[in-house]
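Chemist: Show me the folded form of this:
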Amino acid sequence: MRIAIAEITQETDTFSPILTGLVEFEQNGLYIGDEILAKMPGIGQLGGFLTVAEDQEDLEIFPLLRAQATPGGRLTEDAFEFLREKLVTGLESRLPVDGVFLSLHGAASSQRTDDVEGQVLNAVRQVVGPVVPMVAALDHHANITKLMMASADIVTGFQTQPHDPVETGERAARILFDLVRGKTSPSCGWYKIPMVTPQDQFLTSGGPMKAWFDLARDLEWLPGVITASTFPMQPWVDVEEAGWTAIVYTDDDPKLAWKLAADLANKAWQLRDEFWLSERVSPAEAIWQADQAAAGLIILADTGDSVHGGAPGDSTCLLKEMLEQEIASTAYVPMVDAEAVGQAMRAGEGSEVTLSLGGKMDQVFNKPVEVTGVVRRISEGLVADLERAGLCDMGRTALLVAGSIKIALADSRIQAINFPEMYTHLGLEVADAKMVVLKTASNFQHFAPWRKDLIRVDTPGMTQSNLNAFDWARAPRPLYPFDDLSEWQAE
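Modeler: Numbers count the residues shown, from 1 in each chain. So this is what the prediction gives:
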């Protein structure tokens, strides 16, 4: 059994002004060929696939490409063409193959195409032909398109938020091996749901998202069901086929697949108003609450500047509030600002500097803030091991201390920005902080050992929950809740 594997993952925020080039993929590891087998076991969806592959007999794996970038704006066309060419030529050199496993995100767009994953899957299909089984494992914030569904035999997604990419890779691997061995003959039913919602209810541990995802798990217990996937599209991707999706695959039972997919889609529509419920707190109130709290660590979710959602990472909103309120508590704040990092490095450790921080990339919702502090630590060239998230080139970073506020400056939008390593590599201990700003609305799990409370802050920015702040120009209409769409049903 000859199986080709590859990964191209990037989550696009089409409202973000920050283009994603090859350097952003290189920061998180751009591997070609056998380098994947050496560096990816236990990491991400490819790592999950490799775990299941260990137990397969008569299996030959052909690793082609692994490319993962931190979420951001659209891919440059040069980057996209480079990755697609490496994937296609690598696959052509390994023919014939009996199956293909692709780890993708599902919400990537480039400067010329809204549908990067559809183009990638179609390119692979053109190489291997119409009958070779191909399984695509996606982030559940994917935006599913007609081309993606026409190109892959099975599309399956994450089942939890926070995500578990390793489990998804394992599940997708088992599905692919069954397909290659002829144990299943998939029939598909799928529906686009004309809705978009903010990020507030995206966690699957409770609320309407849990109810929707639980229904998918219940369907998978039914006889003949291969997999059921729910895709609540990430809400900052303004593209031609935008919208949520429900997908069900059965074993040679198309009628059942369509019926169950309709049930799943209609469930999301029934819950649509609940997905707009919010517990967000104003920036001023959030900082006051955190400062007055009896004990930390208080996580301040900077929802409008979620780097893991594609935002620039240079919002000054919460930093400005901390300075204005003259907080007494120790606070850790990340800031992406290459210019400020350069100034700090030139000044050197121990120097007092006055820097204009942030607001340089996101000039729509934020403005720079002037901060005077001491440069306590400088780091350059460190590659951090984020364990199941892989390696991360930290680039140039600096620690600026302004009273009780410890600002971790980074010269690029590194994945580690929402990991403890963002602070520990600069000599700080997470346990010493009363509050920490995280550039995410969902991925708080890395600070779980210290977390005492969580405050979702209603901050402005490229990933804010006020979706009406954006100019929706490409998404299909009508689209709930922007339009008068009181009735819809999957039939």
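Chemist: Give the next helix or strand downstream of the helix or strand hosting Thr89.
Modeler: Assigned by DSSP states H and E, Thr89 belongs to helix 77-92. Per DSSP H and E, the first helix or strand lying C-terminal to helix 77-92 is strand 99-104.
Chemist: Okay, angle between the helix holding Thr89 and strand 99-104 too, please.
Modeler: Interaxial angle, helix 77-92 versus strand 99-104 (axes from the mean of the first three to the mean of the last three C-alpha atoms, to 10 degrees): 160 degrees.
Chemist: Give the buried residues for helix 77-92.
Modeler: The neighbour-count check on helix 77-92 (16 or more other C-beta atoms under 10 Å) flags Ala79, Phe80, Phe82, Leu83, Arg84, Lys86, Leu87, Val88, Gly90, Leu91 as buried. Quick note: C-beta positions are derived from backbone N, CA and C, even for glycine.
Chemist: How far off centre is it?
Modeler: Centroid separation for helix 77-92 versus its chain: 22 Å, with C-alpha atoms, centre = their mean, to the nearest Å.
Chemist: got it, and stretch 76-87?
Modeler: Taking C-alpha atoms, centre = their mean, one finds the center of stretch 76-87 at 20 Å from the center of the full chain.
Chemist: gap between Val333 and Ile378?
Modeler: 17 Å (C-beta to C-beta, to the nearest Å).
Chemist: So these two - more neighbours on which side?
Modeler: Each of Val333 and Ile378 has its neighbours counted (other C-beta atoms under 10 Å); Val333 has more, 26 against 17.
Chemist: any idea how far Val353 is from the more buried one?
Modeler: Between Val333 and Val353 the distance is 16 Å, computed by C-beta to C-beta.
Chemist: cool, Ile32 as well?
Modeler: According to C-beta to C-beta, Ile32 and Val353 sit 41 Å apart.
Chemist: ok, Leu485 touching Trp269?
Modeler: No: counting by C-beta atoms under 8 Å, Trp269 is not a contact partner of Leu485; they are 9.7 Å apart.
Chemist: Quick check on the two: which one has the bigger neighbour count.
Modeler: Taking neighbours as other C-beta under 10 Å, Leu485 and Trp269 compare with Trp269 leading, 19 against 15.
Chemist: part of a helix, is that one?
Modeler: Yes: Trp269 forms part of a helix when assessed by DSSP: H, G, I helix; E, B strand; the rest coil.
Chemist: what about the spatially closest residue to it that is not a sequence neighbour, how many residues close to it?
Modeler: Leaving aside its sequence neighbours, Trp269 sits nearest to Trp488 (C-beta to C-beta, 6 or more residues apart in numbering; 5.6 Å). For Trp488, the count of nearby residues is 15 (other C-beta under 10 Å).
Chemist: change the start of the numbering to 88 and stick with it
Modeler: Got it, first residue is 88 now, which makes that one Trp575.
Chemist: from what I can see Trp575 touches Gly330, true?
Modeler: No: between Trp575 and Gly330 there is no contact under C-beta under 8 Å: 10.7 Å.
Chemist: what do these two both touch?
Modeler: Ile280, Pro281 (C-beta atoms under 8 Å, 6 or more residues apart in numbering).
Chemist: Domain ranges for the protein, per the record?
Modeler: The record's domain parsing of the chain by automatic domain parsing lists 89-363, 370-551.
Chemist: okay, these in CSV with distance to Pro563 and mean pLDDT next?
Modeler: Output for the domains of the chain, formatted as CSV (distance: least, C-beta to C-beta, whole Å; pLDDT from 0 to 100):
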stretch, distance to Pro563, mean pLDDT
domain 89-363, 6, 97
domain 370-551, 21, 95
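Chemist: would you list every one of the helices in this protein?
Modeler: Taking DSSP state H as the criterion, the chain carries its helices at 109-114, 122-126, 131-140, 164-179, 203-215, 233-238, 252-267, 294-307, 341-357, 370-379, 404-412, 425-434, 508-511.
Chemist: show me what contacts the residue lying closest to Glu204 once chain neighbours are set aside?
Modeler: Take Glu204 and drop its neighbours on the chain: the residue closest to it by C-beta to C-beta, 6+ apart is Leu191, 4.7 Å away. When contacts are counted by C-beta under 8 Å, 6+ apart, Leu191 touches Glu94, Ile95, Thr96, Glu204, Val207, Leu208, Ala223, Ala224, Leu225, Ala229.
Chemist: Reformat these as CSV; add distance to Arg367 and neighbour count.
Modeler: Output for the contacts of Leu191, formatted as CSV (distance: C-beta to C-beta, whole Å; neighbours: other C-beta atoms under 10 Å):
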residue, distance to Arg367, neighbour count
Glu94, 34, 27
Ile95, 33, 25
Thr96, 28, 26
Glu204, 31, 29
Val207, 36, 24
Leu208, 36, 24
Ala223, 34, 27
Ala224, 32, 33
Leu225, 28, 28
Ala229, 25, 26
